[in-house]
Every structure is written in C-alpha cells, then in structure tokens.
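# Quick one: sequence and predicted model below, then my questions.
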Amino acid sequence: MAVDLKKQYDLVVEYISQITPYIKRDGGDLSITKIEDGIVYIKMFGACIECKSLDITLKDGIEAMLIENVEGIIGVTLDNEDITTDQYLDSLFDEAENKTNKK
C-alpha cells in the first residue's frame with residue numbers, strides 16, 4: 001500500500017511542532033527542509049548547530065519518534081551544510097528588523 005505523502009508530511013510537521021518548544025528553550029530551532037524517500041531532512045539552527053548532543057537529539061529523539069509514529073519514515077538526516085550560527089542569527093535579526101519597520 002502506498003504512503004499518503006500529504007498525510008505523512010502533515011504528521012511529521014505535527015510531531016516536530018510538539019518538540020520545537022523544547023529545542024527553542026535550549027536556544028535552538030529546527031525546520032523541515034524536505035521529505036524524500038522516507039528520509040526527513042532537518043535544518044538545525046542557533047545553539048543546536050554547535051551542540052555536542054546534536055546527534056543524540058537527531059537520532060535517539062527526533063528520528064526515533066518519527067519512525068515509530070509516521071508511516072513510511074525510515075530516517076532523519078541533518079541538512080545544515082549551508083548555514084552557520086552567524087548566518088542564522090543574522091536572519092533572526094533581519095526578521096525582527098522587518099517586523100519593526102512594518103509597524
């Protein structure tokens with residue numbers, strides 16, 4: 001039976017949104033960049049980028065939760081090759097500045 005990709009994506013988003021507050025509490029953030037062939041690609045930001053527990057969070061936390069709860073998910077991988085902490089902080093600053101300028 002084929003996996004309903006829309007349902008799969010919606011479930012991944014739902015589960016990720018449940019853990020995001022805990023990641024943010026520790027100074028990090030994450031986003032889903034894509035789901036391809038059962039692999040969820042996640043971009044980590046902020047404190048997560050240089051965190052020594054990143055692999056544990058990714059594999060033992062996020063990946064285990066998604067594999068157990070979302071049909072068709074077989075793994076999670078980090079998709080952070082193109083971002084540094086400074087770039088992420090700059091993007092947050094730009095976003096806040098844009099919100100302020102709109103007021």
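Alright, I've got the coordinates. All figures in this text were calculated on a predicted structure; none of them were measured in a lab.

# Let me see the ranges of the helices in this protein.
5-25, 54-56, 64-69, 85-102 (DSSP state H).

# Worst mean pLDDT among those?
If you rank the helices of the chain by mean pLDDT, helix 85-102 sits at the bottom with a mean of 67.

# ok, the closest residue to Gly46 other than its chain neighbours - how many residues close by?
Excluding its sequence neighbours, the residue lying closest to Gly46 (Cβ to Cβ, 6 or more residues apart in numbering) is Gly28, at 4.4 Å. Where you see a C-beta, it was placed from the backbone N, CA and C, and this is true even at glycine. The number of residues packed near Gly28 is 20, by other Cβ atoms under 10 Å.

# what's the answer for Lys34, then?
11.

# got a list of what the residue nearest to it when sequence neighbours are not counted touches?
Once flanking residues are discounted, Lys34 sits nearest to Tyr41: 4.8 Å by Cβ to Cβ, 6+ apart. Counting by Cβ atoms under 8 Å, 6 or more residues apart in numbering, Tyr41 makes contact with 32-35, 76-79.

# tell me the two of those that are most distant?
Ile35 and Leu78 (14.2 Å; Cβ to Cβ).

# picking that back up, how much space separates the residue nearest to Lys34 from Asn69?
18 Å (Cβ to Cβ, to the nearest Å).

# for Leu30, same thing?
From Leu30 over to Asn69 the distance is 17 Å, taken as Cβ to Cβ.

# sorry, back to before: for the contacts of Tyr41, give me TSV that also has distance to Ala96.
Below are the contacts of Tyr41 laid out as TSV (distance: Cβ to Cβ, whole Å):
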residue	distance to Ala96
Ile32	23
Thr33	23
Lys34	27
Ile35	29
Val76	29
Thr77	30
Leu78	26
Asp79	24
